[in-house]
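Chemist: Structure for this input, please:
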Amino acid sequence: MAVPEDTSAAGSESELFRTAVGTVTPVRKGSVAPPRRRRPRPVPRSALADERAVMDEMLRGEFDPSDVETGEELLYRAPGLQDRQFRKLRRGHYVVEGELDLHGLTSEEAREAVGDFITAARRAGRRCVRIIHGKGRRSRHGKPVLKTGLQRWLRQRKDVLAFCPARASDGGTGAAYVLIRK
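Modeler: Numbers count the residues shown, from 1 in each chain. Down below sits the predicted model:
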């Protein structure tokens, strides 16, 4: 639509506007809702990055089965122990400097033997020891009594930094590596 050159001929500015716009129907108050702005859903960037890291690690083939917990093994890590040290213990990379076999002992005898063994190992400057507790298959109730007790006894000691199941070649879930504080 062309606007006339001569403003005096068309009239005032409001008349020019009305001519340019045409007929208008007024909107009743409250009949039209303002457009709702939908906020975009939050993107869980950290979770996505974690998932990508897991997928990358799986594809690289750096998986170690000893890093997976199945629920039947002993596992403890004192606060402050570095990831690298705990991973090294779980993979059996520490030299085992002593061993205690609890087979055939009662629960009370085993508790005393573990206490004496850990104390002697620490005094001797040993860093990593193995305790063979068995899998409890021949126990009265078919449940591992010594294994359960060992978990409780070792957690109560301040000189134990960590413990975990031994590698299959060292007894698997029937034995535990114990990392002793220096």
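
Chemist: can you give me the strands in this structure?
Modeler: 76-77, 99-101, 128-132, 160-165, 175-180 (DSSP state E).

Chemist: Could you identify which of those strands is most buried?
Modeler: Among the strands of the chain, ranked by average contacts under mean count of other Cβ atoms under 10 Å, first place goes to strand 175-180 (a mean of 25). C-beta coordinates here come from the backbone N, C-alpha and C atoms, glycine included.

Chemist: for it, packing partners?
Modeler: Here strand 175-180 touches helix 83-90, helix 107-123, strand 128-132, helix 145-155, strand 160-165, going by 3 or more Cβ pairs under 8 Å, 6 or more residues apart in numbering; DSSP states H and E.

Chemist: Can you add mean pLDDT and distance to Pro34 and give those back as JSON lines?
Modeler: Formatted as JSON lines, the helices and strands packed on strand 175-180 follow (pLDDT from 0 to 100; distance: least, Cβ to Cβ, whole Å):
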{"stretch": "helix 83-90", "mean pLDDT": "93", "distance to Pro34": "53"}
{"stretch": "helix 107-123", "mean pLDDT": "93", "distance to Pro34": "72"}
{"stretch": "strand 128-132", "mean pLDDT": "94", "distance to Pro34": "69"}
{"stretch": "helix 145-155", "mean pLDDT": "89", "distance to Pro34": "61"}
{"stretch": "strand 160-165", "mean pLDDT": "94", "distance to Pro34": "61"}
